[in-house]
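> 3D, please:
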Amino acid sequence: MSERLTKRVAALLGFFGVLFGAFGAHILSRHLERSGATPIWQTGVLYHLFHALVLLVLSGWRPVPRTAYNLILAGVIVFSGSLYTLALTNIKWFGAITPLGGVCILAGWLVLALA
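From the prediction side, this is the model:
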């Protein structure tokens, strides 16, 4: 992934984080409240947005720490994606996938710490 592409990916991740936050707060609010899944959705959005900012910062490093960047990106997709899916469908096994995303995020942070 080029350094320019890392910025674009981070910006798009941020865009979708805001979009999903607004979608959950407005369009899906009744559904999420009825199913008790509002906190699940909010956790997904929180980690999504925070790590979009982290990726944007990392995209400005020279050289871009690619392993950490890719681990955090994969982690956000799996972690937040599984929480969004769980909140929308109430299919419980999606909750079993969430920790895999968390491990990727943790590994990305650890790679940064040890670099």
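> so what touches stretch 12-28?
With C-beta atoms under 8 Å, 6 or more residues apart in numbering as the test, stretch 12-28 has contacts from 32, 38, 41-42, 44-45, 48-49, 51-53, 55-56, 73, 76, 80, 84, 87-88. In short, each C-beta sits where N, CA and C put it, glycine included.
> and Leu19, what element?
Per DSSP states H and E: Leu19 is located in helix 3-22.
> taking the contacts of stretch 12-28 one by one, which sit in strands?
Among the contacts of stretch 12-28, no member is found in strands (DSSP state E).
> in helices, which of those fall?
Counting by DSSP state H, the contacts of stretch 12-28 place 32, 38, 41-42, 44-45, 48-49, 51-53, 55-56, 73, 76, 80, 84, 87-88 in helices.
> show the buried residues in the residues you listed.
Among these, those scoring as buried are 32, 38, 41-42, 44-45, 48-49, 51-52, 55-56, 73, 76, 80, 84, 87-88 (criterion: 16 or more other C-beta atoms under 10 Å).
> retrieve the pLDDT associated with Asn90.
The model reports Asn90 with a pLDDT of 91.
> count of residues packed around the closest residue to it other than its chain neighbours?
Spatial nearest neighbour of Asn90, excluding adjacent residues (C-beta to C-beta, 6 or more residues apart in numbering): Ser35 at 5.6 Å. For Ser35, the neighbour count with other C-beta atoms under 10 Å is 16.
> kindly report the same for Gly14.
Gly14 has 17 nearby residues by other C-beta under 10 Å.
> please apply the same query to Leu12.
Neighbour number of Leu12 under other C-beta under 10 Å is 12.
> equivalent analysis for Ile77, please.
Neighbourhood size, Ile77 [other C-beta under 10 Å]: 15.
> before we move on, what about Phe16?
17.
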